[in-house]
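*Asks:* After the sequence you'll find the predicted model.
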Amino acid sequence: MALSFRQSEILDIARLEGRVMVDDLAQKFDVTLQTIRRDLSELADMGHLDRVHGGAVPRTGAANLGYEQRRRMNQDGKVAIARACAAAIPENCSLIMNLGTTTEAVAQELLTHSNITVVTNNMNVANTLAANPGCEIMVAGGALRRSDGGLVGELTTQFFEQFKVDYAVIGASALDHDGDILDFDLAEVRVSKTIIRQSRKVFLVCDASKLDRSAPARLASLAEIDTLFTDRALPPDLARRCADWGTKVTIVRE
């Protein structure tokens, strides 16, 4: 079941604050208590929340963190990863950049690149790169995800299918020890799979905290990635797999 805009915002508040209360939400959204109770029940049925007296809390291990919380996590590591990734991207090239706070950090590091074309479904990336006069920006259509400024859906996928770019810069919600790249949102996964297909080289920007997390949807394998930029050495078994696959691992800080 797809989330309504109100349910998406309720979920973001729950992830950020750790709890939501029926009375507070009814006042915030100017709807009845029964409407909010129905929203919380549906979110609980979908596995996002657990009902508690008077409200709900995020289900442990079942949902992604809120955008602001993710943006604040390991900021120094994300900046170091972004600088290394941007340094590997030449001027006079085209690239696709998808959703994620580390991807947005890469956009910040591309502000001095000249004659680049960036295709993105990330409004935050587009707004950042608007300050670079040497960057042509093309923004995908699709359904706007208010929680993080992302555009997803079939229109987004069809938009990316029109391009063949030099580089892709993608993020991920989790990375398991088998080398599988994982995410929470199937709509976002479908978009990212298209991005990989339409790019000559694929860069994954992923801080080491993603190795300690899990997510239910498989996006791709590290075998499909040209370079992983991260800030801590991979577990030995995974490092060996990357070497066998020919996936370069750039560790910016251990």
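*Replies:* Structure received. Residues are numbered from 1 along each chain as shown.
*Asks:* all strands of the stretch 101-250 of the chain, in order?
*Replies:* 116-120, 135-139, 143-145, 150-152, 165-170, 174-175, 180-183, 199-205, 217-221, 227-230, 248-251 (DSSP state E, counting those that start in this stretch).
*Asks:* Which strands or helices does the third one pack on?
*Replies:* If I follow you right, that is strand 143-145. strand 150-152 (3 or more Cβ pairs under 8 Å, 6 or more residues apart in numbering; DSSP states H and E). C-beta: built from backbone N, CA, C; applies to glycine.
*Asks:* Contacts for the strand it packs on, please.
*Replies:* 99, 121-123, 139-145, 185, 187-188, 191 (Cβ atoms under 8 Å, 6 or more residues apart in numbering).
*Asks:* excluding its backbone neighbours, what's nearest residue 113?
*Replies:* Leaving aside its sequence neighbours, residue 113 sits nearest to residue 91 (Cβ to Cβ, 6 or more residues apart in numbering; 5.3 Å).
*Asks:* Wait, a helix at the one you found?
*Replies:* No. Counting by DSSP: H, G, I helix; E, B strand; the rest coil, residue 91 is not found in a helix; it is coil.
*Asks:* Quick one: neighbours of it, just the number.
*Replies:* 11 (other Cβ atoms under 10 Å).
*Asks:* so residue 40 sits right up against residue 19, yeah?
*Replies:* No. Checked against Cβ atoms under 8 Å, the pair residue 40 and residue 19 is beyond contact range at 11.3 Å.
*Asks:* which of those two has more neighbours?
*Replies:* Between residue 40 and residue 19, residue 40 has the larger neighbour count (other Cβ under 10 Å), namely 24 against 14.
*Asks:* Secondary structure element holding the more buried one?
*Replies:* Using DSSP states H and E, residue 40 sits in helix 33-45.
*Asks:* these two touch, right, residue 196 and residue 168?
*Replies:* Yes. Counting by Cβ under 8 Å, residue 196 does reach residue 168; the two are 6.4 Å apart.
*Asks:* quick one on the thing from earlier: would you format the strands of the stretch 101-250 of the chain as CSV with mean pLDDT included?
*Replies:* Shown next, in CSV, are the strands of the stretch 101-250 of the chain (pLDDT from 0 to 100):
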stretch, mean pLDDT
strand 116-120, 98
strand 135-139, 98
strand 143-145, 82
strand 150-152, 89
strand 165-170, 98
strand 174-175, 90
strand 180-183, 93
strand 199-205, 98
strand 217-221, 92
strand 227-230, 98
strand 248-251, 97
